[in-house]
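Colleague: Quick one: sequence and predicted model below, then my questions.
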Amino acid sequence: MKQLWRFGLEQAKSCVFAVVIFSSLAITQILAVPHRYDLILLICVVTQVIMLATKLETWDELKVICVFHIIGLALELYKVHMGSWSYPEDAWTKVWGVPLYSGFMYASVASYLCQAWRRLDVQLVKWPPTWAVALLSLAIYFNFFTHHYIYDLRWVLKVSTVLLFLPTVVYYHVNRKTYQMPLVLSFVLIGFFIWIAENIATFFGAWQYPGQSQTWELVHLGKISSWLLLVIVSFLIVAMLKHLKEKKPAL
């Protein structure tokens, strides 16, 4: 129980940024704050500055988060344009119907991965070739765009992920004790918990699916597969950056 408590505590610390976003969504909706998307953006920026100043986050982690903000915002612009979901409230910081704070929701996933990696001293064994990982990441990301026009390859990509990473094992440390987990299982678990977070986010009006325009309803279970793929892309990018940094010669 002591180990489980410590593991949960380290996970909670790694979720600080995500907790701030969800809390902001809840409080601004309950208080009916006008133009709350703009306020949430400001809160996200201030939170990032505070986390950096207090060393809850490193400069390297901030760089990764910025990359994910751009990647997520590009996906949001496209998906909103295609009618997959919408942001119905007014805001000054909306670009083509997408509030700029939305990129931070993707960045919060990257923030969690980076911090959990550091806090739990994550190590990967039997990591596939970098070129294969990069190719799979690109294929998954672009499938989010292309499936509107051509065949949706998500199941092909899932099978490919399982085959590529089946031998890979994640080692992590809690109180100097080492534990292990298949990497594929960690993908599924993170994707599931993000789906739970998505239900909370849509309940508090972070965004709105077409079926939620009249009244809120549970996000379809099929969305877990989409989040699973997004988690895979996020994890692979973070892992590749970590590996590249470890191989970089000291100056």
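Modeller: Alright, I've got the coordinates. Residues are numbered from 1 along each chain as shown.

Colleague: How about the secondary structure of residue 127?
Modeller: Per DSSP: H, G, I helix; E, B strand; the rest coil, the secondary structure class of residue 127 is coil.

Colleague: and it, how many residues sit next to it?
Modeller: 16 (other C-beta atoms under 10 Å). For the C-beta atoms, the positions are set from N, CA and C on the backbone; glycine is no exception.

Colleague: what about the helix or strand hosting residue 185, average pLDDT?
Modeller: Take DSSP states H and E as the rule and residue 185 turns out to sit in helix 183-203. Averaged across helix 183-203, pLDDT comes to 79.

Colleague: Same check on stretch 18-33?
Modeller: 86.

Colleague: Restrict it to CA atoms and write it as CSV.
Modeller: The C-alpha trace of stretch 18-33 is given here as CSV (Å, rounded to 0.1, in the frame of the first residue of the first chain):
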residue,chain,number,x,y,z
ALA,A,18,-4.0,18.9,-16.6
VAL,A,19,-5.6,19.4,-13.2
VAL,A,20,-5.2,23.2,-13.6
ILE,A,21,-6.9,23.1,-17.0
PHE,A,22,-9.9,20.9,-15.8
SER,A,23,-10.3,23.1,-12.6
SER,A,24,-10.3,26.2,-14.8
LEU,A,25,-13.0,24.7,-17.0
ALA,A,26,-15.1,23.7,-14.1
ILE,A,27,-14.8,26.9,-12.1
THR,A,28,-15.4,29.2,-15.1
GLN,A,29,-18.5,27.3,-16.1
ILE,A,30,-20.0,27.2,-12.6
LEU,A,31,-19.4,31.0,-12.3
ALA,A,32,-20.6,31.6,-15.8
VAL,A,33,-17.5,33.7,-16.6
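
Colleague: Make 39 the starting number, not 1.
Modeller: Yep, numbering from 39; the last one is stretch 56-71 now.

Colleague: Can you give the distance from it to the centre of its chain?
Modeller: Here stretch 56-71 is found 19 Å from its chain centre; the criterion is C-alpha atoms, centre = their mean, to the nearest Å.

Colleague: Using the three-state scheme, assign residue 188.
Modeller: Under three-state DSSP, residue 188 comes out as coil.

Colleague: Against residue 56, how distant is it?
Modeller: Going from residue 188 to residue 56 by C-beta to C-beta, to the nearest Å gives 33 Å.
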